[in-house]
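Q: predicted model and sequence below, questions to follow.
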Amino acid sequence: MTGENDKNKPGGSFSEEELASALANMENELNSILEDASGLPENGRKEAEKSNSDEKAGDLAGSSHSDNDLPNDDICDDDSILDDLSMDMFDEELEGITGERAECALILTVFDSMKFTAALCKVVDVPSVCIESESGVLVALRLLKGNQPEEAAEIISQTAVSIPFILAVVRGKKIKMTLWADGKEENSFSPPLILPNVDPLVEDVLVGVEKVFDSQGGLPSDRKWKCVDSDNFTKEESVKIIRDFFREKQEEI
């Protein structure tokens, strides 16, 4: 997790000893969360899955009819769908202008594993896309309304104790960068102090040169950066990824 680019990572450089200590603290904090995320025992999971499957089958059976059986008002045409999409996009643009919705938000981390970071985001319910960069994995947040970016930074920094993060949020075309540690906002930074010391991709995303998400919330097909979506994993898979990560780190130490 450390290397030649550590001096350019958020929060400054980490020695191997400091990082090992921080990871140990983080693992302890995650233990209870991981136990909850692991869900039911195997037998309980199978029963729950069977129950959900039976309910879905019943719903489908009770609702099986052709479109001709529906009232005309319940049939959506292509124009109405396009109108709804246009209104949603207009609402998002308006919220962005008024500052009610961030135009984008990144959490700058010291991690070098996209898979681990995405699994962590999944476990703590922070929908995001984790992007590879030379200064550490970038967490591009999907939830941007109100204080949702700050809430995401709070829960991630609270879970990954002793590890600092920088939250970069764009609202009304203005970039705000704040340091978060142990679930609390520590202080603010002027972007010109941070941006020269991190991967240029950070600035490109914040100023809109690079788009992480397209208008439908998907990933651009022409993107040049590698990423892992937190939605690629179930919580159960995420728990395994995190535990395997810590096991590998302990073996390295």
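A: Looks like it arrived, so ask away.
Q: look up phi and psi at residue 237.
A: phi -60, psi -40 (degrees, to the nearest 10).
Q: would you agree it is in contact with residue 115?
A: No - Residue 237 is beyond contact range of residue 115, at 10.2 Å (criterion: Cβ atoms under 8 Å). For the C-beta atoms, the positions are set from N, CA and C on the backbone; glycine is no exception.
Q: neighbour-wise, which of those two wins?
A: residue 115 (18 against 12; other Cβ atoms under 10 Å).
Q: what is the neighbour count of the residue lying closest to that one once chain neighbours are set aside?
A: In space, residue 115 comes closest to residue 228 once its chain neighbours are excluded; the distance is 5.5 Å by Cβ to Cβ, 6 or more residues apart in numbering. The burial count assigned to residue 228 is 21, neighbours taken as other Cβ under 10 Å.
Q: again with residue 158
A: Residue 158 has 15 neighbours, counted by other Cβ under 10 Å.
Q: so it sits in a helix?
A: Yes - according to DSSP: H, G, I helix; E, B strand; the rest coil, residue 158 belongs to a helix.
Q: return the distance of it relative to residue 165.
A: As for residue 158, its distance to residue 165 is 10 Å (criterion: Cβ to Cβ, to the nearest Å).
Q: could you do residue 220 as well?
A: 25 Å.
Q: kindly report the same for residue 174.
A: Counting by Cβ to Cβ, the gap from residue 174 to residue 165 is 20 Å.
Q: more neighbours: which of those two?
A: The neighbour comparison of residue 174 against residue 165 (other Cβ under 10 Å) goes to residue 165, with 23 against 10.
Q: and residue 31, how many neighbours?
A: Around residue 31 there are 11 other residues, counting by other Cβ under 10 Å.
Q: any regions of the stretch 1-150 of the chain where pLDDT drops low?
A: 1-20, 22, 29, 32-99 (pLDDT under 70).
Q: surely residue 163 is in contact with residue 181?
A: Yes - assessed by Cβ under 8 Å, residue 163 is found in contact with residue 181 at 7.4 Å.
Q: who's more crowded, those two?
A: When neighbours are counted by other Cβ under 10 Å, residue 163 and residue 181 differ, and residue 163 comes out ahead with 24 against 17.
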